[in-house]
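Asks: Can you look at this prediction? I've put the sequence above it.
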Amino acid sequence: MSSGDDRDASGNGGGGDADFLQLGNRHAERGEMDQAEEAYRRADENGDGTAAAYAGVFAEARGDFDEARDAYRRADERGDGFGALRLGLLAAARGDWDEARDAYARADERGHEQPPFDPRSLGAKRPPRDGQPVAVADGRPAFANPVLIGAVTVLIAIIAVFLAYNANTGLPFVPTKELKVDIANGSNLVVGNDVRSGGFRIGVISDMKPVQLPNGQTGAQLIVHLDQTHGRVPVDSTASIQPASVLGTKYLDLQTGTSPRTIADGGLLPLGQTHVPVQFDDVFKTFDPKTRVAVQDSLAGAGDALTARGSALNDTIASLPPLLAHLQPVAKYLSDPSTNLTGFFDNLERFMGAVAPVAQVNADLFRQMATTFAAIDNEPNNLQATIAKSPSTEAVSTESLKVQQPFLVDLTTFGKAMTPATASLNAALPTFVPAIEAGTQTLKRTPSLNANLQQVMNALKGLARAPGTNIALNGLVSTVNTLNPMVRYLGPYQTVCDDWNYWWTYLSEHISEQTAFGFAQRALLNQANSAQPNNVGSQGATAPVNGGGSDSPLTGGNAYLHSQNYGAAIDNHGNSDCETGQRGYPKKLNSFDPQGRNLALDPHTPGDQGPTFKGRTRVPSGETFSRNPQTGPQLQYNPSNP
């Protein structure tokens, strides 16, 4: 682009408002801001709305807010969206929320493009014009205006309350994707419950309604809104309802599939791909009033069975040695593989399994047997004949006992081996019996303890398995890591200098001026030295106050800037250095000023001031500390006065 084009557009042969707008854009792209502003002014005079908005940005950067507001209004009246947006920003800064809302609505309806320059950095790149400081309104820096600070604080509080109130239904102005989910049972889900995937919240249930399922039954259809970043849902995805805690809170767990095809916005996840597992509340329903009473009775019965049974247990244990002595050969025989005790129990199990279906038949059999025995009683001769056959039967039994003799021998051997153990047990009984007697008394209280302990363990298990537990712990760690450097810096102000209590003491004295209506604020009006440039009473001061006026006592003498921010509480070794309110004002403490002016700007005055009246001489033992802030913008390091 040649300079000849610029001359033609600036009036030698051209002259339209579009020409001046394009000329200004070219100057802005090359960083020629003064030429760009002049071109936008010419285009604004010719009626161009966009140029008026751009001219307003330049006026705002110089701090001329009235001129900027007029330029934005002209742009808004000409239908320019960017001018309406900037007009809304100025209205919001003044606290005029109604005008700001209307201006934002017009800007959103019209749309706008970003200018060829960055409005936020314009004031920093261009030097002040006509002696006015950048970002100055009504003679003061913008953020020195308490009304503006209060308005911004109230706005932030309103936004925070609004976001917190709407957190369960999704944040406003955040784009989402809608997904419908058919499920057999709503399972006590409510609107506002989370939608999670892999334990992370990706959406929210915004609505739910009953629908008729393909099988003719009535189910639930969930309307969920997913974050745009997780809005891609493959068609083979599945969903289930999971408990968020044992207290009954639920969430929809979405397991994303692997299919390349996805469900469209507003699409449906069918019933076949959803699942409702057994819920805690369904399990708890099994413990109805009758069941709970029965469990309590069972525990009470078990406790009563052992209560006051110490002597009986003592007798039982005392009789164990003889029993065990005879049990040894029996157990040895039973443990021999040739005995086939396992096969006996297997056959017994099969026998009982075969008998169980005919239990009623067996009951009828015993009733019939009663009739049979009654008939035998009526015929004693037949019974006599049966007894006559008994000797031969006993002979057969004797032969059987001969076969059992090895088993009995082994059982005897086992009993002999157990004799020393039973003798030792007998010696330990005097110590063991009191413990059992004390335990029987404790058993009365164990049912309620066990019930409460079970609830605690279930709650702890649910908490440990909850997806949000790990997230909460990580968040707590981050919070501690954030607060730790702040506490290290702020702690000595209280533990060493006692500043918190001093602040309240000074506040009560500050409002102690008694009047006819109560108490008023104590104040002293100070007159500035009007002969001194940039004095504390000047409007639009452009430089730090640094003497230069009359030093006469009648005018208050010369003033010098004293702004020692971050006054220390301790030195680097933890010794008390409570500077605030305890030092005079040095004439010059300005290590990094290339002009060497008589200003006091260094944060720390050399040397330790020591403690306050009620303060400590150093940081208490065990407290970590730092003299300078460890977060936020850092002060330039001064090796001569760290």
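Replies: Arrived safely, thanks for sending. No experiment lies behind these values; they were computed from the predicted model shown.

Asks: Residue 36 reaches residue 27, doesn't it?
Replies: Yes: using C-beta atoms under 8 Å, residue 36 is in contact with residue 27, at 3.7 Å. Yep, even glycine has a C-beta here, placed from its N, CA and C like the rest.

Asks: List the buried residues for stretch 629-642?
Replies: For stretch 629-642, burial by neighbour count (16 or more other C-beta atoms under 10 Å) applies to residue 629.

Asks: no no, stretch 234-249
Replies: Counting neighbours by 16+ other C-beta under 10 Å, stretch 234-249 gives 237, 239, 240, 241, 242, 243, 244, 245, 246 as buried.

Asks: Can you name the residues bridging to the closest residue to the fifth one other than its chain neighbours?
Replies: In this structure, residue 242 finds its nearest non-sequential neighbour in residue 253, 4.6 Å apart by C-beta to C-beta, 6 or more residues apart in numbering. When assigned by DSSP bridges, residue 253 has beta-bridge partners residue 196, residue 240.

Asks: Same check on residue 262?
Replies: In this entry, residue 262 is beta-bridged to residue 234, by DSSP bridges.

Asks: quick one: it from residue 181, how far?
Replies: Noted for residue 262: a distance of 15 Å to residue 181, by C-beta to C-beta, to the nearest Å.

Asks: got the contact list for stretch 343-350?
Replies: Contacts to stretch 343-350, defined as C-beta atoms under 8 Å, 6 or more residues apart in numbering, come from no residue at all.

Asks: same thing but 10 Å
Replies: For stretch 343-350, contacts defined as C-beta atoms under 10 Å, 6 or more residues apart in numbering pick out 334, 340.

Asks: Alpha carbons only: can I get that stretch in PDB?
Replies: The C-alpha trace of stretch 343-350 is given here as PDB (Å, rounded to 0.1, in the frame of the first residue of the first chain):
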ATOM      1  CA  GLY A 343     -18.200 -89.600  51.200                       C
ATOM      2  CA  PHE A 344     -20.600 -90.100  54.100                       C
ATOM      3  CA  PHE A 345     -21.500 -86.400  54.300                       C
ATOM      4  CA  ASP A 346     -21.800 -86.200  50.500                       C
ATOM      5  CA  ASN A 347     -24.200 -89.100  50.500                       C
ATOM      6  CA  LEU A 348     -26.000 -87.600  53.500                       C
ATOM      7  CA  GLU A 349     -26.400 -84.300  51.500                       C
ATOM      8  CA  ARG A 350     -27.800 -86.200  48.500                       C
END
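
Asks: now that stretch: mean pLDDT?
Replies: For stretch 343-350, mean pLDDT is 86.

Asks: re earlier: between residue 262 and residue 181, who's got more neighbours?
Replies: In this view residue 262 and residue 181 are compared by other C-beta atoms under 10 Å, and residue 181 has more residues nearby, 24 against 16.

Asks: what is in contact with residue 36 and residue 27 at once?
Replies: 116, 117.

Asks: Which one of the two is surrounded by more residues?
Replies: Using other C-beta under 10 Å, the more surrounded residue of residue 36 and residue 27 is residue 36, with 24 against 21.

Asks: Let me see the contact set for that one.
Replies: Contacts of residue 36 by C-beta under 10 Å, 6+ apart are 23-30, 54-55, 58, 115-117.

Asks: In PyMOL, how would I select the buried members of those?
Replies: Those of those that count as buried under 16+ other C-beta under 10 Å are selected in PyMOL with:
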select buried, resi 23+24+25+26+27+28+54+55+58+115+117
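
Asks: follow-up on the earlier one: is it true that the residue nearest to residue 242 touches residue 195?
Replies: Yes: shown here, residue 253 and residue 195 form a contact pair, counting by C-beta atoms under 10 Å, at 8.3 Å.

Asks: May I have stretch 108-123 as CSV, with CA atoms only?
Replies: What follows is stretch 108-123 as a C-alpha-only set of coordinates in CSV (Å, rounded to 0.1, in the frame of the first residue of the first chain):
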residue,chain,number,x,y,z
ASP,A,108,-26.0,-8.5,20.3
GLU,A,109,-28.9,-8.1,17.8
ARG,A,110,-26.7,-6.1,15.3
GLY,A,111,-23.4,-8.0,15.8
HIS,A,112,-20.0,-6.3,15.3
GLU,A,113,-16.5,-6.9,14.2
GLN,A,114,-13.4,-6.3,16.2
PRO,A,115,-11.5,-3.0,15.3
PRO,A,116,-8.1,-3.3,13.6
PHE,A,117,-6.5,-2.3,17.0
ASP,A,118,-6.7,-3.6,20.6
PRO,A,119,-8.8,-1.2,22.6
ARG,A,120,-7.4,-2.6,25.9
SER,A,121,-3.8,-1.8,25.1
LEU,A,122,-4.5,1.5,23.2
GLY,A,123,-4.0,3.7,26.3
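
Asks: Can you point out the buried residues in it?
Replies: Counting neighbours by 16+ other C-beta under 10 Å, one finds that the buried residues in stretch 108-123 are 110, 112, 115, 117, 119, 122, 123.

Asks: Take these and lay them out in CSV including pLDDT and secondary structure.
Replies: Formatted as CSV, the buried residues of stretch 108-123 follow (pLDDT from 0 to 100; DSSP: H, G, I helix; E, B strand; the rest coil):
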residue, pLDDT, secondary structure
110, 85, helix
112, 79, coil
115, 86, coil
117, 82, coil
119, 80, helix
122, 72, helix
123, 58, helix
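
Asks: Farthest pair within those residues?
Replies: 110 and 123 (26.0 Å; C-beta to C-beta).

Asks: got any residues that touch both of residue 253 and residue 195?
Replies: Common neighbours of residue 253 and residue 195 (C-beta under 10 Å, 6+ apart) are residue 239.

Asks: Which one's more surrounded, those two?
Replies: More crowded of residue 253 and residue 195, by other C-beta under 10 Å: residue 195, with 23 against 19.

Asks: any idea what sits nearest that one, other than its immediate chain neighbours?
Replies: Closest residue in space to residue 195, ignoring its immediate chain neighbours: residue 203 at 3.7 Å, by C-beta to C-beta, 6+ apart.

Asks: Now name the helix or strand holding the one you found.
Replies: Taking DSSP states H and E as the definition, residue 203 sits inside strand 200-212.

Asks: Now do that strand, average pLDDT.
Replies: 86.

Asks: Buried ones in it, by neighbour count?
Replies: 202, 203, 204, 205, 206, 208.

Asks: Residue 229: which of those is nearest?
Replies: residue 202 (8.0 Å).

Asks: returning to that earlier point: partners of the strand holding residue 203, with directions?
Replies: Strand 200-212 has the following strand partners under DSSP bridges: strand 194-197 (antiparallel), strand 218-227 (antiparallel).

Asks: What is the neighbour count of the closest residue to residue 406 other than its chain neighbours?
Replies: Once flanking residues are discounted, residue 406 sits nearest to residue 333: 7.0 Å by C-beta to C-beta, 6+ apart. Counted by other C-beta under 10 Å, the residues lying close to residue 333 total 21.

Asks: Let me know the secondary structure of residue 333.
Replies: Following DSSP: H, G, I helix; E, B strand; the rest coil, we place residue 333 in the helix state.

Asks: gap between it and residue 343?
Replies: The spacing between residue 333 and residue 343, counted by C-beta to C-beta, is 15 Å.

Asks: And residue 49, by the same measure?
Replies: From residue 49 over to residue 343 (counting by C-beta to C-beta), the distance is 102 Å.

Asks: and if you look at residue 90?
Replies: Taking C-beta to C-beta, one finds residue 90 at 98 Å from residue 343.

Asks: more crowded one of the two?
Replies: Neighbours were counted for residue 90 and for residue 343 using other C-beta under 10 Å; residue 90 has more, 19 against 9.
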